[in-house]
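Participant: please find the sequence and the predicted model below.
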There are 2 protein chains.
Amino acid sequence: MTADEAPADAGTAWRRIADELAGAIGKGDYAAGDTLPAATALAERYGVHRHTVRQAFRHLAEQGLVTVSRGRGTQVSARRVPYPLGRRVSMRANLGRIGIVGSSTVLSGEQIIGEPETCEVLGLDQGAALWRLEGLSLADGTPMGTGTHWLSVARFPAFDAAYRGADGSITAALKACGITDYVRLSTRLTARLASEREAELLRIELGAPVMVSVAVDALPDLTPIHLVSSVFAGERMEMVVEPFNEEAR
Amino acid sequence: MTADEAPADAGTAWRRIADELAGAIGKGDYAAGDTLPAATALAERYGVHRHTVRQAFRHLAEQGLVTVSRGRGTQVSARRVPYPLGRRVSMRANLGRIGIVGSSTVLSGEQIIGEPETCEVLGLDQGAALWRLEGLSLADGTPMGTGTHWLSVARFPAFDAAYRGADGSITAALKACGITDYVRLSTRLTARLASEREAELLRIELGAPVMVSVAVDALPDLTPIHLVSSVFAGERMEMVVEPFNEEAR
């Protein structure tokens, strides 16, 4: 669906140009990573001022279809990778299902004293020792998201080693610790702007929009075992919630 | 949970100040809308440079706890309104459950020829006539989101009048058309920056992050009847997905 949102402006020149360019992107005339013709060239082609073309570019950028950057021109964005939020959530399995090679890297790992709220969410006593691990998730080599993970040290005494041994895959690390199945209890999602560090890790512009997810995974009996706070590049990811899709649940 | 994300800097002065301020906000020492002390005052209190305090402010802003704006100082943000994405989704019912008065207004309504993808999603023949309605949702008078709705004209010949009569409540308008129950088939969520029009409608800063949702509602037999593309203020809303919460499903 083409979400259009400015009915008051419908029919104006910038809108017609944006629609045509969106159509050309949709048909594949321009592929992900392609640079659109320069504003001056398009202005000549359509017989309009280049500001009008720039307004069309801005509209396409707002829709997430292109990225406008100084110096590099207007580039067609890659399609957003769908990330189903069902009863079982695994980044790598999600990606594999749509033919994308998921990978991850470990950024940091340390043992900390849990903050009160973190301990509560994980059903632990106040002041419990926690693993605090950071990782980066990639799809076909492009950073998708970065996450901070918390797990009980008492429950998983060797989780940091398992996490490093599994190259930052939580699913594989849990398996190495004897947990062969786990479920997604809850996910809270919102949007904010990337911090400097996040922009650097995700290779997005400083101040680009990110989706923030705070999620809790549990054993199949719903005992919480894993809290993860993630930041996903808004331009690359799309969360999908389908409560009636048994496969996704 | 306090999501912290800069382990390399943990223990530095800005981090300690940010943690203390976050704690004070969490305990309610500062309420939503309150202005934090000026950077210069806090710099004196902590014996640090004001740039250090500003870094703490930036960190809190990234976490969504405060809004830093020129002239108005550093204001404590309101808690994000949770929006459960279960099997039944109704903005007004969601808000009512947590004691917030939800309301909406109609922005526009027209009959259009559906775009190919829109018709397909709604299970209609190509070129079907659709209602295209725009509305704004508010919580206690504050704009939360704005949505564009598409429904079949053949199925709901008087939907525009029902929508206006219901002051922009889809649930009430459907009820007026004889649909007393409907379910949420799918929701796709991502993050981008607000357009000029969206920023104006939602009363957020131009370029503030928004959560974009494209959702399909269906009859209880899963026949799709309603497509809605919404934009929510990232600073005010939080989507909640709980696949095991029977009430939310």
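Facilitator: Noted; the coordinates are in hand. Everything quoted here is computed from the prediction, not taken from an experiment. Numbering: from 1, shown residues only, chains lettered A, B, ... in the order given.

Participant: who's in contact with A:Arg79?
Facilitator: A:Ala32 (Cβ atoms under 8 Å, 6 or more residues apart in numbering or on different chains). From N, CA and C alone the C-beta is placed, and that goes for glycine too.

Participant: what about the longest helix along chain A, distance to the chain center?
Facilitator: What stands out as the longest helix in chain A, according to DSSP state H, is helix A:13-27. Relative to the centre of its chain, helix A:13-27 is centred 26 Å away, using Cα atoms, centre = their mean, to the nearest Å.

Participant: quick check: phi and psi on A:Arg58?
Facilitator: phi -60, psi -40 (degrees, to the nearest 10).

Participant: can you give me the neighbour number for it?
Facilitator: Around A:Arg58 sit 17 other residues, with neighbours defined as other Cβ atoms under 10 Å in any protein chain shown.

Participant: thinking again about what came up before, show me what the longest helix of chain A is packed against.
Facilitator: Counting contacts by 3 or more Cβ pairs under 8 Å, 6 or more residues apart in numbering or on different chains; DSSP states H and E, helix A:13-27 is packed against helix A:39-46, helix A:50-62.

Participant: A:Ser230 against A:His149, yeah?
Facilitator: No: the pair A:Ser230 / A:His149 is not scored as a contact, 9.1 Å apart, by Cβ atoms under 8 Å.

Participant: any chance you could map the strands in chain A?
Facilitator: Listed in chain order, the strands of chain A (DSSP state E) span A:66-69, A:73-76, A:81-84, A:102-113, A:129-139, A:142-152, A:183-193, A:209-218, A:224-233, A:237-241.

Participant: lowest average pLDDT across those?
Facilitator: Lowest mean pLDDT of the strands of chain A: strand A:66-69, a mean of 78.

Participant: please name the strands paired to it in the sheet, noting orientation.
Facilitator: Strand A:66-69 has its sheet partners listed here by DSSP bridges as strand A:73-76 (antiparallel).

Participant: got the buried residues for stretch A:65-77?
Facilitator: Neighbour counts over stretch A:65-77 (16 or more other Cβ atoms under 10 Å in any protein chain shown) mark A:Leu65, A:Val66, A:Thr67, A:Gly73, A:Thr74, A:Gln75, A:Val76, A:Ser77 as buried.

Participant: from those, which two are the most distant?
Facilitator: Farthest-apart pair in those is A:Leu65 and A:Gly73; separation 14.2 Å (Cβ to Cβ).

Participant: domain-wise, how is chain A divided?
Facilitator: For chain A, automatic domain parsing gives the domain ranges A:7-76, A:81-240.

Participant: highest mean neighbour count out of those?
Facilitator: With neighbours taken as mean count of other Cβ atoms under 10 Å in any protein chain shown, the domains of chain A reach their highest mean count in domain A:81-240, at a mean of 19.

Participant: how far is that domain from where the chain is centred?
Facilitator: The answer for domain A:81-240 is 11 Å, by Cα atoms, centre = their mean.

Participant: same check, this time on stretch A:78-85
Facilitator: 8 Å.

Participant: ok, stretch A:228-244 next?
Facilitator: 5 Å.

Participant: gap between the two ends of that stretch?
Facilitator: Across stretch A:228-244, the terminal residues are separated by 25 Å (Cα to Cα, to the nearest Å).

Participant: out of the domains of chain A, which comes closest to B:Ser169?
Facilitator: domain A:7-76 (20.6 Å).

Participant: as a markdown table, the domains of chain A with distance to B:Gln111 would be great.
Facilitator: Shown next, in a markdown table, are those (distance: least, Cβ to Cβ, whole Å):
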| stretch | distance to B:Gln111 |
| --- | --- |
| domain A:7-76 | 12 |
| domain A:81-240 | 30 |
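
Participant: ok, which of these comes nearest B:Asp19?
Facilitator: The closest of the domains of chain A to B:Asp19 is domain A:81-240. By Cβ to Cβ, the value is 9.2 Å.

Participant: list the residues that contact A:Glu198.
Facilitator: Neighbours of A:Glu198 in contact, by Cβ under 8 Å, 6+ apart: A:Thr146, A:Ile204, A:Val210, A:Val231, B:Glu5.

Participant: run the last query once more with 10 Å
Facilitator: By Cβ atoms under 10 Å, 6 or more residues apart in numbering or on different chains, the contact list for A:Glu198 reads A:143, A:145-146, A:192, A:204, A:206, A:208, A:210, A:212, A:231-233, B:5-6, B:62.

Participant: nearest to B:Val216 among the residues you listed?
Facilitator: A:Phe232 (22.3 Å).

Participant: ok, that closest one touching A:Val81?
Facilitator: Yes: taking contacts as Cβ atoms under 10 Å, A:Phe232 lies within contact range of A:Val81: 9.3 Å.

Participant: tell me, what's touching those two both at once?
Facilitator: Common neighbours of A:Phe232 and A:Val81 (Cβ under 10 Å, 6+ apart) are A:Met91, A:Met144, A:Gly145, A:Glu238.

Participant: in contact with the second one, which residues?
Facilitator: The one in question is A:Met144. A:80-81, A:83, A:91, A:95, A:100, A:102, A:104, A:136-138, A:202, A:230, A:232-233, A:236-237.

Participant: again, 8 Å this time
Facilitator: A:Val81, A:Met91, A:Ser137, A:Leu138, A:Leu202, A:Phe232, A:Ala233, A:Arg236, A:Met237.

Participant: setting aside sequence neighbours, what's the nearest residue to it?
Facilitator: Leaving aside its chain neighbours, A:Met144 sits nearest to A:Ser137 (5.0 Å; criterion: Cβ to Cβ, 6 or more residues apart in numbering or on different chains).

Participant: for the first one, same thing?
Facilitator: Counting by Cβ to Cβ, 6+ apart, A:Ser137 is the residue found nearest to A:Met91 once chain neighbours are left out, at 5.0 Å.

Participant: how near is the one you found to chain B?
Facilitator: Distance of A:Ser137 to chain B, computed by Cβ to the nearest Cβ, to the nearest Å: 15 Å.

Participant: same check on A:Ser213?
Facilitator: 9 Å.

Participant: just A:Ile113 next, same as before
Facilitator: From A:Ile113 to chain B the distance is 12 Å (Cβ to the nearest Cβ).

Participant: how far away is that residue from A:Leu130?
Facilitator: 7 Å (Cβ to Cβ, to the nearest Å).

Participant: A:Arg50: which of the contacts of A:Glu198 is nearest?
Facilitator: Distances from A:Arg50 to those, taken by Cβ to Cβ, are shortest for A:Ala208, at 24.8 Å.

Participant: can you name the residues that contact the residue nearest to the closest one when sequence neighbours are not counted?
Facilitator: Leaving aside its chain neighbours, A:Ala208 sits nearest to A:Ala194 (5.1 Å; criterion: Cβ to Cβ, 6+ apart). A:Ala194 makes contacts with A:Leu202, A:Ile204, A:Glu205, A:Leu206, A:Gly207, A:Ala208, A:Pro209, A:Val210, A:Val231, A:Ala233, as judged by Cβ under 8 Å, 6+ apart.

Participant: got the contact list for A:Val240?
Facilitator: A:Pro82, A:Tyr83, A:Pro84, A:Leu85, A:Ala248, B:Ser186, B:Thr187, B:Arg188, B:Leu189.

Participant: is it bridged to anything, and to what?
Facilitator: Here A:Val240, judged by DSSP bridges, has bridge partners A:Pro84, B:Arg188.

Participant: circling back: isn't the residue nearest to A:Met91 right up against A:Ser104?
Facilitator: Yes: if you go by Cβ under 8 Å, A:Ser137 and A:Ser104 touch, sitting 4.9 Å apart.

Participant: mutual contacts of these two, please.
Facilitator: Residues touching both A:Ser137 and A:Ser104 by Cβ under 8 Å, 6+ apart: A:Met91, A:Gly168.
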